[in-house]
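Engineer: structure for the following, please:
(one chain, ligands or ions: 1)
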Amino acid sequence: MIPAPDDLRPLELTEFGAIRGSVALSDPLSLRLEPGTVLGIVGPNGVGKSSLLAAIAHSGVASYGRAAFGDEDLGGLRAKRRAQVVSLMAQDHGAPGELRVSELVGVGAWASGRAHPAEAVAAAIARAGVSHLADRRYGTLSGGQRQLAQLARVLAQNTPIVIMDEPTSALDLAHQRAVEQMMRGLGNQGRIVIAAIHDLSLALNACTRVLLLDPGGASHSGPPQDVLGPDRVFAAYGVRTTIHTTPQGRRILAADD
Ligand SMILES: Nc1ncnc2c1ncn2[C@@H]1O[C@H](COP(=O)(O)OP(=O)(O)OP(=O)(O)O)[C@@H](O)[C@H]1O
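Structural biologist: Numbering: from 1, shown residues only. Presented below is the predicted three-dimensional model:
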């Protein structure tokens, strides 16, 4: 694992939310995330998960309320300082297709002003398992390969807050498992990981806490097994579910029929 930065502090959202057009997407959210928290954000399509992530990262989505890292208001930070605090692995994987993977990952290291960018890039590429793709142009990669390249970019940025938008959506079983382990590992280092997740079993196994966004605007946060209990899941998704536990202790949330 790439060593974590020194400044690990809580993230505090106060009456916070994302705005699209002039409309607030959810009720105001107040949440304190301690270092080491791996927060899964779940909820139906279009409920505002990606918008909330982008609003916290101040990446192209307006917000109201306050998001503070320790005593620093994320909204008031200069771009370079913000890039040292928070990284975003976005869902659409947008990047110029001519960029080589090593250059894309270099953007992550450059954005946060890493002292030894070449070493940071090599370490991040190796950690994300894309060394064999380092010289390939981004536009020639498969969907899953792009997702892993974006993961490497975020690792190279090496921030105390790591935001991931559906980080396993294009990945095969082995890479899903690797990313799940990485999410837990980043949390164990004391970073704050916030991930929008559709795979509720992943949320159960990877996260220390879950935030469920309801279509009506309300939200519920707490331990994964509580928030993803059958009643709340039914209220949000309209599907009856049960949490099963495998003999090895993994939890699987499955529809009842
Ligand atoms: N670029 C945009 N401009 C205007 N509205 C947008 C834009 N992107 C998303 N929206 C709207 O904002 C709302 C929240 O979308 P968002 O992508 O945050 O939801 P989501 O929960 O991440 O959805 P999904 O699970 O489908 O990825 C939706 O009503 C969507 O139509």
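Engineer: now the helices for the stretch 51-200 of the chain?
Structural biologist: Secondary structure of the stretch 51-200 of the chain (DSSP state H, counting those that start in this stretch): helices at 79-85, 101-111, 117-127, 143-157, 173-188, 200-206.
Engineer: what residues sit buried inside the third one?
Structural biologist: In this case it means helix 117-127. Buried residues in helix 117-127, counting neighbours by 16 or more other Cβ atoms under 10 Å, are found at 117, 120-125, 127. C-beta: built from backbone N, CA, C; applies to glycine.
Engineer: what residues does the stretch 101-250 of the chain have near the ligand?
Structural biologist: By the rule Cβ under 6 Å from any ligand atom, the part of the stretch 101-250 of the chain lying against the ligand is A196.
Engineer: point me to the residue of the stretch 101-250 of the chain nearest the ligand.
Structural biologist: A196 (5.8 Å; Cβ to the nearest ligand atom).
Engineer: can I assume that residue is in contact with P44?
Structural biologist: No - judged on Cβ atoms under 8 Å, A196 makes no contact with P44 at a distance of 11.9 Å.
Engineer: between the two, which is the more surrounded one?
Structural biologist: Neighbours per residue (other Cβ atoms under 10 Å) separate A196 from P44, with A196 holding more: 26 against 15.
Engineer: list the contacts for that one?
Structural biologist: By Cβ atoms under 8 Å, 6 or more residues apart in numbering, the contact set of A196 is 40-42, 49-50, 52-53, 91, 164-166.
Engineer: write the PyMOL selection for whichever of those are buried.
Structural biologist: Command for PyMOL, covering only those of the contacts of A196 found buried under the criterion 16+ other Cβ under 10 Å:
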select buried, resi 40+41+42+49+50+52+53+91+164+165+166
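Engineer: can you pull the contacts of the residue nearest in space to the middle of the chain?
Structural biologist: Against the mean C-alpha coordinate of the chain, by Cα atoms, centre = their mean, the closest residue is M164 at 2.1 Å. Neighbouring residues of M164 by Cβ under 8 Å, 6+ apart: 53, 88-89, 151, 154, 183, 193-196.
Engineer: most neighbours out of those, which is it?
Structural biologist: L151 leads the contacts of M164 on contacts (other Cβ under 10 Å) with 28 neighbours.
Engineer: for that residue, which non-adjacent residue is spatially closest?
Structural biologist: A128 (4.6 Å; Cβ to Cβ, 6 or more residues apart in numbering).
Engineer: was I right about that neighbour contacting L155?
Structural biologist: Yes - look at A128 against L155 with Cβ under 8 Å: they come within range, at 6.0 Å.
Engineer: what's the separation between V210 and G190?
Structural biologist: As judged by Cβ to Cβ, to the nearest Å, V210 and G190 stand 20 Å apart.
Engineer: typed the wrong thing, it's D73
Structural biologist: 21 Å.
Engineer: sorry, back to before: ok, the residue nearest to L151 - contacts?
Structural biologist: Here A128 is in contact with 148-149, 151-152, 155 (criterion: Cβ under 8 Å, 6+ apart).
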